[in-house]
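Colleague: Structure for this input, please:
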Amino acid sequence: MNVDQLRDLLPVTRDFVYMNTGWAGPTPSSVLRRIAETLEIEARDGPASARGMEFTHGLQDEARAAISAFLGADDEDVILTHSTREGVNVVVYGMDWKPGDELLICDLEHPALTVPGDVLAQRMGVKVVSANIPPLATQAEALSAVASALTEKTKLVALSHIQFTCGLRMPIKEIAIAAHKMDIPVLVDGAQSVGHVGVNMKNLDCDFYALSGQKWLMGPNGTGALYMSKERRDMLEPIFNTNELEANRHTERSPLARFSLVSQSPSLLAGFLESVRIATDIGIGQIEERAMSLADLLRERVSPIEGCDLLSPTSPESACGLVTIGLDDWPPADLVTALQERFNIVGRVVRDPAGVRFSTHFFNTEHEVDLVADALVRLIDEGYSPE
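Modeller: As a prediction, this is how the structure comes out:
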């Protein structure tokens, strides 16, 4: 599938320069069709009939196999979830925390990681240690900040693969090596990475990896997955169950099913499966290369503009398809509004660093990058005037 073919599946590209995939990707029409077709099958056969349940179980197995292959993981090491945050919570709240234990995160993290840390601190007396990592940090600097914060009290390292505010790509493999030397497990929030850059569980060597379907994979909301390594998953207790109860239960479920929180919509799973199929068909190598190429072009276009601050990394090893920009005296929220209302350009506000974040995906074009740069120049020339 090439760029034009993918854009034909994305109605939003007809009217908007959509650069907010990092929040939620646009939905391909083929994903919508799979969702609708599955709902029709459920209505025809009955969701709880023998035929309907066989269909649902087949979808679950197919979706788990597809995302497992996409992650370079074995099927039996992956469970389907409803979001990245759900996967994170399965791990964080499944651990046996004691007062004085330390959770190591960093100060660029998404609330999906910071909020569980705050809850652990309040409820269980856990100390949350936040490594100081600047948005423009090099890989070596990021690794050093995390490694130097590891102590004998560190019970879990929990970090995003790509930081959502600035697009800093973290050296997860090297961090995992440092943590494992001290027998500390590593949980990765992969919300901004899966479907965006190449991700392989066997290569990264992390212990847990959570992801969502609605961002770079362009699947429906309410879908995701969690990778759990064979070596570490038995250290967790299920949130709504116990390992002991599950061991004594007669069931044909997968062993990891004990960590699933609630059942899932077959129609959304069908949409998720189709979104993974599209990404697999294009090839993650091509997706990453194009996302980086477009992001490099955007950085190149905005860097010389007086009054335009580039707030994202630029080196190939640290950068990705997320580009955050600050514009002169423009408050980020007002800039996002002006870009959408006047130019049909969709970005999002981020903080720390404060700016507007643009996501360049495989379906975006060089012409769209030029439109973004031209709009920024025009807004700088006009100047900011609060209403």
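Colleague: Could you use CA atoms for every contact and neighbour count after this?
Modeller: Will do.
Colleague: For Thr27, which non-adjacent residue is spatially closest?
Modeller: Spatially, and ignoring its direct neighbours in sequence, Thr27 is nearest to Met218 (5.6 Å; C-alpha to C-alpha, 6 or more residues apart in numbering).
Colleague: what about that neighbour, is that helix, strand or coil?
Modeller: Met218 falls in the coil class when you classify it by DSSP: H, G, I helix; E, B strand; the rest coil.
Colleague: That one and Ile278: what is the separation?
Modeller: Distance of Met218 to Ile278, given as C-alpha to C-alpha, to the nearest Å: 9 Å.
Colleague: Would you mind telling me which of those two has the busier surroundings?
Modeller: When neighbours are counted by other C-alpha atoms under 10 Å, Met218 comes out ahead of the other of Met218 and Ile278, with 26 against 20.
Colleague: who's in contact with the more buried one?
Modeller: In this structure, Met218 makes contact with 21, 24-28, 275, judged by C-alpha atoms under 8 Å, 6 or more residues apart in numbering.
Colleague: repeat that for 10 Å
Modeller: For Met218, the contacting residues are 10, 21-22, 24-28, 31, 195, 212, 271-272, 274-276, 278-279, taking C-alpha atoms under 10 Å, 6 or more residues apart in numbering as the criterion.
Colleague: So which of those belong to helices?
Modeller: Those of these mapping onto helices are 31, 271-272, 274-276, 278-279, per DSSP state H.
Colleague: could you dump the residues you listed to TSV with distance to Asp334 and pLDDT?
Modeller: Compiled in TSV, those are given as follows (distance: C-alpha to C-alpha, whole Å; pLDDT from 0 to 100):
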residue	distance to Asp334	pLDDT
Val31	33	98
Gly271	34	98
Phe272	34	98
Glu274	36	98
Ser275	33	98
Val276	35	98
Ile278	35	98
Ala279	34	98
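Colleague: And these, which is closest to Leu120?
Modeller: Nearest to Leu120 among the ones in helices among the contacts of Met218: Phe272, at 31.7 Å, using C-alpha to C-alpha.
Colleague: how near is that closest one to Glu141?
Modeller: Using C-alpha to C-alpha, we find Phe272 at a distance of 36 Å from Glu141.
Colleague: of the two, who's got more company?
Modeller: Between Phe272 and Glu141, counted using other C-alpha under 10 Å, Phe272 has the larger neighbour count: 30 against 15.
Colleague: shouldn't Trp330 be in contact with Ser385?
Modeller: Yes: under the contact definition of C-alpha atoms under 10 Å, Trp330 touches Ser385, with a separation of 8.5 Å.
Colleague: which one of those two has more residues nearby?
Modeller: Neighbours were tallied for Trp330 and for Ser385 using other C-alpha under 10 Å; the higher tally belongs to Trp330 (19 against 7).
Colleague: What pLDDT does the model give that one?
Modeller: Trp330 is assigned a pLDDT of 93 by the prediction.
Colleague: Run through the residues that contact the nearest residue to it once chain neighbours are set aside.
Modeller: Leaving aside its chain neighbours, Trp330 sits nearest to Tyr384 (5.7 Å; criterion: C-alpha to C-alpha, 6+ apart). By C-alpha under 10 Å, 6+ apart, the contact set of Tyr384 is 327-331, 334-335.
Colleague: coming back round to it: could the ones in helices among the contacts of Met218 go into a markdown table alongside distance to Asp4?
Modeller: Formatted as a markdown table, these follow (distance: C-alpha to C-alpha, whole Å):
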| residue | distance to Asp4 |
| --- | --- |
| Val31 | 17 |
| Gly271 | 21 |
| Phe272 | 22 |
| Glu274 | 18 |
| Ser275 | 17 |
| Val276 | 19 |
| Ile278 | 14 |
| Ala279 | 15 |
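Colleague: before we move on, which element is the residue nearest to Trp330 in?
Modeller: Secondary structure from DSSP states H and E places Tyr384 outside every helix and strand.
Colleague: Next: Ala375.
Modeller: helix 366-382.
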